[in-house]
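Novice: Provided below for reference: sequence and predicted model.
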Amino acid sequence: MANEFTFSITTTRFDEDYVPSRSSRATTNFSNLARGDDRKQNLRNALTMIDRRFNDLAHWDNPDRERYAVELEIISVELQFTASGEGKEFPLLEILDVQILDTRTGQRHRGIVGNNFSSYVRDFDFSVLLPTVNETTTTFTVPDDFGELHGKLFRCFLESAAYQEHFPAPPVICISVSTSKTYHRTENHHPVLGVEYRQEKSSLTDAYFHRMGLRARYFMPPGSSAPLAFYFRGDLLNDYPNLQLIGTISTMETFQKIYRPEIYNTNSAAGSVYRPSLDQPDYSRTQIAYDRDERAHLAITQGKYTEEHLVKPHRRVLEQWAANYPAPVG
């Protein structure tokens, strides 16, 4: 039995001609947009929103707000290991890589990798394991080791040759703030990330990302309706140039406007004390079809797939490997 896990990376261009492959996770924001009769228009509209938001934030030397174009690639990561003397493979996660084209100079700028994050193992943890643990309890219970395997697999990927050969910097994941928490505006202000918000107690998602070696900060960019949650290693404000940060903001804010318009496409911005809510009535819908109910259903399906094809048949290999892998620092 081998105790070494390795990873392989494949890339797929995300544009208006994108069609999800059979091996692609169906719960990703981009896969959901690329299904149905209106798939091509959905994709075209989403990409246009990303470009417009990018040029709105990158307004210097850009009077017509059309200088930049954002190019996206889906990064699919496969886990490879040995069990019972045979080589095994499992589709682990998908993230997005950003490239920024300066149409004035023809120069391409590398963006930040990460952005959107989806994982089969996370689907198992949140959509299968947690509901099972809480079936017979009256108080919501989270296992002590919740997310530990997922976190170690993710950190192993970041430290792998596959990651380091493709990407020169750590990832930044950008998602919605939690509807179970209250956020307080601070006096800290960044020219691109915007005003910083803080919360008093970490959410379950924050703790989950911490096991992945990532910590959270919350910023509301200029012109946004609500803060975004950024998960990162290192120094978010100083490790990445402004254009890179804008690439992540424009991409992920667009997805959130489509997926959670009640938070990110409201008609008024978050105040000094902010509690996100999906019951907010004062918002506008984008002209892009997105099926949240389908997404939740698919998360359960894919979580069960992970249980059947990874967790149950290879539990001993996974536990042995995880026992020898160090915990995150800090």
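Specialist: On my side now, so go ahead.
Novice: show me where the stretch 1-150 of the chain has its strands.
Specialist: 6-14, 68-83, 86-102, 108-119 (DSSP state E, counting those that start in this stretch).
Novice: can I get these in JSON lines with distance to residue 284 and mean neighbour count?
Specialist: C-betas here are computed from N, CA, C, even on glycine. Below are these laid out as JSON lines (distance: least, Cβ to Cβ, whole Å; neighbours: other Cβ atoms under 10 Å):
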{"stretch": "strand 6-14", "distance to residue 284": "25", "mean neighbour count": "15"}
{"stretch": "strand 68-83", "distance to residue 284": "22", "mean neighbour count": "19"}
{"stretch": "strand 86-102", "distance to residue 284": "25", "mean neighbour count": "18"}
{"stretch": "strand 108-119", "distance to residue 284": "22", "mean neighbour count": "21"}
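Novice: among the ones you listed, which comes closest to residue 262?
Specialist: For residue 262, the closest of the strands of the stretch 1-150 of the chain is strand 108-119, at 19.5 Å, according to Cβ to Cβ.
Novice: could you give the angle of the closest one to strand 86-102?
Specialist: 140 degrees (axes from the mean of the first three to the mean of the last three Cα atoms, to 10 degrees).
Novice: isn't residue 119 up against residue 149?
Specialist: No - counting by Cβ atoms under 8 Å, residue 119 does not reach residue 149; the two are 11.1 Å apart.
Novice: can you name the farthest residue from the center of the chain?
Specialist: For the chain, the residue at maximal distance from the C-alpha centroid (Cα atoms, centre = their mean) is residue 85, at 34.3 Å.
Novice: got phi/psi on it?
Specialist: Reported as degrees, to the nearest 10, the phi and psi values for residue 85 are phi 80, psi 10.
Novice: neighbours of residue 308, how many?
Specialist: 11 (other Cβ atoms under 10 Å).
Novice: now swap in residue 303 and tell me
Specialist: 24.
Novice: show me the contacts for it.
Specialist: Shown in contact with residue 303 (Cβ atoms under 8 Å, 6 or more residues apart in numbering): 120, 123-129.
Novice: distance of it from residue 134?
Specialist: Counting by Cβ to Cβ, to the nearest Å, the gap from residue 303 to residue 134 is 14 Å.
Novice: do the same with residue 170
Specialist: Computed as Cβ to Cβ, the residue 170 to residue 134 distance reads 33 Å.
Novice: quick one, which of those two is more surrounded?
Specialist: Neighbour totals were compared for residue 170 and residue 134, and residue 170 leads with 17 against 13 (other Cβ under 10 Å).
Novice: that one touches residue 158, doesn't it?
Specialist: Yes - assessed by Cβ under 8 Å, residue 170 is found in contact with residue 158 at 6.6 Å.
Novice: low pLDDT regions in the chain?
Specialist: 1-3, 21-32, 35-36, 289-296, 329-330 (pLDDT under 70).
Novice: all helices for it, in order.
Specialist: 29-33, 39-57, 120-124, 130-133, 148-158, 161-166, 204-211, 236-239, 242-259, 261-264, 292-306, 315-323 (DSSP state H).
Novice: okay if I get these as a markdown table plus distance to residue 81?
Specialist: What follows is those, written out as a markdown table (distance: least, Cβ to Cβ, whole Å):
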| stretch | distance to residue 81 |
| --- | --- |
| helix 29-33 | 26 |
| helix 39-57 | 35 |
| helix 120-124 | 13 |
| helix 130-133 | 25 |
| helix 148-158 | 10 |
| helix 161-166 | 14 |
| helix 204-211 | 20 |
| helix 236-239 | 31 |
| helix 242-259 | 31 |
| helix 261-264 | 38 |
| helix 292-306 | 15 |
| helix 315-323 | 7 |
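Novice: out of those, flag the one nearest residue 110.
Specialist: Closest to residue 110 of the helices of the chain, according to Cβ to Cβ: helix 242-259, at 7.3 Å.
Novice: who does that closest one touch, helix- and strand-wise?
Specialist: Judged by 3 or more Cβ pairs under 8 Å, 6 or more residues apart in numbering; DSSP states H and E, the packing partners of helix 242-259 are helix 29-33, helix 39-57, strand 68-83, strand 86-102, strand 108-119, strand 172-176, strand 228-232, helix 261-264.
Novice: restrict it to CA atoms and write it as PDB.
Specialist: Output of helix 242-259 as PDB, limited to C-alpha atoms (Å, rounded to 0.1, in the frame of the first residue of the first chain):
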ATOM      1  CA  ASN A 242      -4.400  45.400  -7.900                       C
ATOM      2  CA  LEU A 243      -5.300  43.900 -11.300                       C
ATOM      3  CA  GLN A 244      -5.100  40.400  -9.800                       C
ATOM      4  CA  LEU A 245      -7.400  41.300  -7.000                       C
ATOM      5  CA  ILE A 246      -9.800  43.000  -9.400                       C
ATOM      6  CA  GLY A 247      -9.900  39.800 -11.500                       C
ATOM      7  CA  THR A 248     -11.000  37.800  -8.500                       C
ATOM      8  CA  ILE A 249     -13.600  40.400  -7.400                       C
ATOM      9  CA  SER A 250     -15.100  40.900 -10.800                       C
ATOM     10  CA  THR A 251     -15.400  37.100 -11.400                       C
ATOM     11  CA  MET A 252     -16.800  36.100  -8.100                       C
ATOM     12  CA  GLU A 253     -19.000  39.000  -7.500                       C
ATOM     13  CA  THR A 254     -20.700  38.300 -10.800                       C
ATOM     14  CA  PHE A 255     -21.300  34.700  -9.800                       C
ATOM     15  CA  GLN A 256     -22.700  35.800  -6.500                       C
ATOM     16  CA  LYS A 257     -25.000  38.300  -8.200                       C
ATOM     17  CA  ILE A 258     -26.400  35.500 -10.200                       C
ATOM     18  CA  TYR A 259     -26.500  32.900  -7.400                       C
END
